[in-house]
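Visitor: need coordinates for the below:
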Amino acid sequence: MILSRRTLVGGAAALSVAPTIGARAQAKTQGRTKIVIGVMTDLSGTYRDNTGPTSLAATQLAVNEMRPHLDCDIEVISADHQNKPDVAVSIARQWFDSGVDVAADVPTSSVALAVAQVAKEKDKIMLNASATVSSLTDEQCSPNSIVWSFDTYENARSTGGSLVSQGFKSWYFITANYAFGQSLETLTADVVRAGGGEVKGATRYPFPDTTDFSSYLTQAAASGASVVAFANAGLDTENCIKQASEFGLNKTARLAPLLMFLQNPHSLGPRICGGLLTTETFYWDMNDRTRGFTKRLLALTKTNNYPNQAHASSYGSTIHYMKAVAALGGEAAKKSGRAVVAKMKSMPTDDDAFGPGRVRADGRGEFPAYLFQVKTPEESKGEWDLYKLVRTTPASEVVHPLNAKCKFPVT
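Guide: As a prediction, the model looks like this:
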């Protein structure tokens, strides 16, 4: 069975309060400065459930909670970038030229890399919650960008490193052929080789137009690798896991989804996904603060889509951005995105999704990584009771070393 590009959450949008790209942002309302956050996300494609309307809602929730602390007005608008860099660049330029201050969420690494350059050129901000390629805060870092809580380096070290340490030493990769997938494959392969393992092969498939992975899975099985790793995300990950199980590949090799979000095991079910490992920086049932955030978000969305690390990152990054706006004042924040990002780096972070942390000089947020195992049907006590914690890794061990070229001021 091939999963179609379906959606988990309902209707056209999670929130009726957010106008689309066609709305022109005005700088002031009755003498007050207006800050405009544009949520640029996937509202129709493979990453819709993992980001999309719930990321938009998480941004709006943060705005609702911070609005009383600001001396300016805040507006949230949204657009679907269709996972296409050219579409995203066109939206970003239109937004920034019409008074939008922030492009937020921005899933799909090729899209985020392009939007980051526009934000830098226009002295605006990209608050990245869900693109994963580590180069956003490494060789292509920008003083106008924040990458909140996870990237390909972290997933390679956490999920990949865990399997290698368990003795799984021969790997085969099935990879989405664009910046994110390529980075995740390369970094994980480095971890495998550093641990004494070998890479027996890799195939890279066209993104985003592939739904049938049978030929790639056949090649993986023929390689004899002990691990078949999926360097992809969203519905592509679901299709790979589902089809691998149908072929019986999960009985002869360990399946390793290198970036799996909560929505994926929820969609496929614990009978198929039980026992798989995944790394996230947030889980809704971690503690009272994460459960409180989840309850408030679900009340706002009115959908059955529990938040994952990308949704939580939209919330946490927006909260911290608005704390910086409050510290600088709305008028000063409107003048320079770079100044606001520098302020964000100078302030400790703290929110209900991630707890305390910080944003370092290159714009990378520093938070622990949690290695989870998907619960079996016997272990799960409810529809979204899907993870059990295996290991907590401090940020210092999963965040890539600072690139010497990324020497931006932190105050």
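
Visitor: okay, helices next: where are they in the stretch 201-350 of the chain?
Guide: Ranges of helices in the stretch 201-350 of the chain, per DSSP state H, counting those that start in this stretch, are 214-223, 234-246, 263-268, 270-273, 288-301, 309-328, 330-335, 337-346.

Visitor: just the buried positions in the longest one, please.
Guide: Translated: helix 309-328. Within helix 309-328, the residues scored as buried using 16 or more other CB atoms under 10 Å are 309-326, 328. (C-beta placed from N, C-alpha, C; glycine too.)

Visitor: again, but for the first one
Guide: Burial within helix 214-223, assessed by neighbour count using 16+ other CB under 10 Å, is assigned to Y216, L217, A220, A221, S223.

Visitor: any chance of a markdown table for those residues, columns pLDDT and distance to P85?
Guide: Output for the buried residues of helix 214-223, formatted as a markdown table (pLDDT from 0 to 100; distance: CB to CB, whole Å):
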| residue | pLDDT | distance to P85 |
| --- | --- | --- |
| Y216 | 98 | 24 |
| L217 | 98 | 29 |
| A220 | 98 | 29 |
| A221 | 97 | 34 |
| S223 | 98 | 32 |
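
Visitor: can you tell me which of the residues you listed lies closest to A92?
Guide: Y216 (33.4 Å; CB to CB).

Visitor: do I have it right that that closest one meets G201?
Guide: No. Using CB atoms under 8 Å, Y216 is not in contact with G201; the gap is 10.3 Å.

Visitor: quick check: closest non-adjacent residue to V118.
Guide: A92 (4.3 Å; CB to CB, 6 or more residues apart in numbering).

Visitor: could you look up the SS state of that neighbour?
Guide: What DSSP: H, G, I helix; E, B strand; the rest coil gives for A92 is helix.

Visitor: give me the distance between it and A79.
Guide: 9 Å (CB to CB, to the nearest Å).

Visitor: same question, G99
Guide: Computed with CB to CB, the distance linking G99 and A79 is 15 Å.

Visitor: can you check T252 too?
Guide: Taking CB to CB, one finds T252 at 44 Å from A79.

Visitor: equivalent analysis for K334, please.
Guide: From K334 to A79 the distance is 21 Å (CB to CB).

Visitor: these two - which one has more neighbours?
Guide: A count of neighbours by other CB atoms under 10 Å puts A79 above the other of K334 and A79, at 24 against 20.

Visitor: are we agreed that that one is in a helix?
Guide: No. Using three-state DSSP, the assignment for A79 is strand, not a helix.

Visitor: wait, it sits on I91?
Guide: Yes. In this structure, A79 is within contact of I91 by CB under 8 Å, at 5.0 Å.

Visitor: ok, longest strand in this protein?
Guide: Taking DSSP state E as the criterion, the chain has its longest strand at strand 32-41.

Visitor: neighbours of K34, how many?
Guide: 18.

Visitor: am I right that it is in contact with D71?
Guide: No. K34 lies out of contact with D71 (CB under 8 Å); the separation is 11.5 Å.

Visitor: so where is the protein shaky, pLDDT-wise?
Guide: 1-30, 408-411 (pLDDT under 70).

Visitor: relative to L386, how far out is the residue nearest the centre of it?
Guide: Nearest to the geometric centre of the chain sits S130, at 2.2 Å (CA atoms, centre = their mean). Per CB to CB, S130 is found 19 Å from L386.

Visitor: quick one on the thing from earlier: what do A92 and A79 both touch?
Guide: Common contact partners of A92 and A79 (CB atoms under 8 Å, 6 or more residues apart in numbering): M40.

Visitor: would TSV of the helices of the stretch 201-350 of the chain with distance to G38 be doable?
Guide: Listed next are these as TSV, based on distance: least, CB to CB, whole Å:
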stretch	distance to G38
helix 214-223	36
helix 234-246	22
helix 263-268	24
helix 270-273	34
helix 288-301	19
helix 309-328	12
helix 330-335	14
helix 337-346	12
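
Visitor: understood, closing this out.
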